[in-house]
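Engineer: sequence plus the predicted model coming up.
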Amino acid sequence: MKRFIVLLLPIIVLAGILNAQPLDNDLSYLPVKARGIEKTDSITSDSTSIIKQTIDLDIFFKNKYPAYAVLGYTKQNRPVEVYYFPGNSKKRALIIGGIHGSELSSIEIADSVIDYLLATKKPYYNVVIIPSLFPDNAETAKTIIKEVELNTGRYTDDSAVDPNRQMPALAKAFDPDNPLDYNGRLIEKENQLLLQLIQQFSPSRIINIHAIRDTLKGGVYADPRTDCNSIAMGFETDSNLAITMAKYINDNDGNVWGNNLLGCPTALYYTDPDIASVGGFQRRNLNGSSLPNNRGCGVSLGSWATTAVCDKQYHRNAIRLITMEFPGYKSSSCYLIDDERNNCIKNIRLYALSVINVFLNNLYCEE
Ligand SMILES: [Zn+2]
């Protein structure tokens, strides 16, 4: 989906924000495309450094109006876009699309959320959106679209660790000066940008948008939150939020078969360990896909975020984390049969609207 909003150098973004005026009293939402900011395709950056943080995140988060900028640059020098929409409360949420570049539908959902936010009233949560965290990998997937079923674009290269399995150890902070994951491997640059953003923005809830080939397993799931010692804090509200999102999609004739709403509804992803009772030890799944050299193993974003961090320098509460698994990897434009394409578009809209109307709403709010 093409928007009329484009990539900008940060200084232009900030200049645009400072000059932006609301359209009128209640329309405090100024569509980005109405800002008169010029398009530029000429991104110049130094891609040799490990991290090139191109925006001052603290300033970015204080915007009164929607804003977007470049969070940093990928290994192939593509910009990682980040969008910010202020909300009606002090609560903060983060939305991530495309942590697996092969899951093109997840990027389309995140783009749809941005489009809805540009056209609708303010959400309850202040929200940051990264629609495509690994744009290099998504580009690979797009160019070999017939092989989406083969996972093309999921991993950065043949020796790379699964992008969703390279987080720091449970209860440990991300250290930009020593950016290693739980297994001692270098965290990919795009994930470094994400982890820095999480530690600076401090969202109380995150939604990580994925897609799954087995459409029977599509749905909305939650990870259980724990303290720093993996002691369970209670899953009820996490589960309720995920199930409420799934019901929204189902009630509007969308596909969330993995949530088993007609039987015994569940927010537990099918490969995750059972949910511990409050006060009990919560086991985590540290084994992802079966790949050579344990490249599929490691701490996922879901496990890391939902575990509190108690490092000497850095503390944070457990973050509520919802995992969306959209049924089918392809973006809607990849379906050549009208019925299939329309069904995909319908589901993408419903998944995006469940984010707008449930996830970003005043529901099951964190303390
Ligand atoms: Zn995925």
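Structural biologist: Cool, got the structure. Numbering: from 1, shown residues only.
Engineer: so residue 235 sits right up against residue 274, yeah?
Structural biologist: No: the criterion here is CB atoms under 8 Å, and residue 235 misses it with residue 274 at 10.2 Å. For every residue, glycine as well, the C-beta is placed using N, CA and C.
Engineer: helix, strand, or coil at the residue most central in space within the chain?
Structural biologist: Among the residues of the chain, the one closest to the centroid is residue 96, at 1.3 Å (CA atoms, centre = their mean). Put simply, residue 96 is strand when judged by DSSP: H, G, I helix; E, B strand; the rest coil.
Engineer: OK, contacts around it?
Structural biologist: 110, 129, 130, 133, 194, 206, 207, 208, 209, 301 (CB atoms under 8 Å, 6 or more residues apart in numbering).
Engineer: now with 6 Å, please.
Structural biologist: 130, 133, 208 (CB atoms under 6 Å, 6 or more residues apart in numbering).
Engineer: what about these, which one has the most neighbours?
Structural biologist: Among the contacts of residue 96, the one with the most neighbours (other CB atoms under 10 Å) is residue 133, at 31 neighbours.
Engineer: just for the stretch 51-200 of the chain, where's the confidence low?
Structural biologist: 51-54, 145-150 (pLDDT under 70).
Engineer: now the closest residue to residue 252 other than its chain neighbours: phi and psi?
Structural biologist: Using CB to CB, 6 or more residues apart in numbering and skipping the chain neighbours, the partner closest in space to residue 252 is residue 350 (5.3 Å). Here is the backbone geometry of residue 350 (degrees, to the nearest 10): phi -70, psi -40.
Engineer: and residue 350, how many residues sit next to it?
Structural biologist: Neighbours around residue 350, by other CB under 10 Å: 21.
Engineer: again with residue 280
Structural biologist: What residue 280 shows, counting by other CB under 10 Å, is a neighbour count of 12.
Engineer: contacting residues for the residue nearest to residue 252?
Structural biologist: Residue 350 touches 249, 252, 254, counting by CB under 6 Å, 6+ apart.
Engineer: gap between it and residue 85?
Structural biologist: 20 Å (CB to CB, to the nearest Å).
Engineer: residue 332 too?
Structural biologist: From residue 332 to residue 85 the distance is 23 Å (CB to CB).
Engineer: higher neighbour count, these two?
Structural biologist: Between residue 332 and residue 85, counting by other CB under 10 Å, residue 85 is the more crowded of the two (26 against 20).
Engineer: does the more buried one touch residue 127 like I think?
Structural biologist: Yes: if you go by CB atoms under 6 Å, residue 85 and residue 127 touch, sitting 5.1 Å apart.
Engineer: between these two, what contacts are shared?
Structural biologist: Common contact partners of residue 85 and residue 127 (CB under 6 Å, 6+ apart): none.
Engineer: state whether residue 82 is indeed within a strand.
Structural biologist: Yes: looking at residue 82 with three-state DSSP, it is inside a strand.
Engineer: so what sits opposite it in the bridge?
Structural biologist: residue 69 (DSSP bridges).
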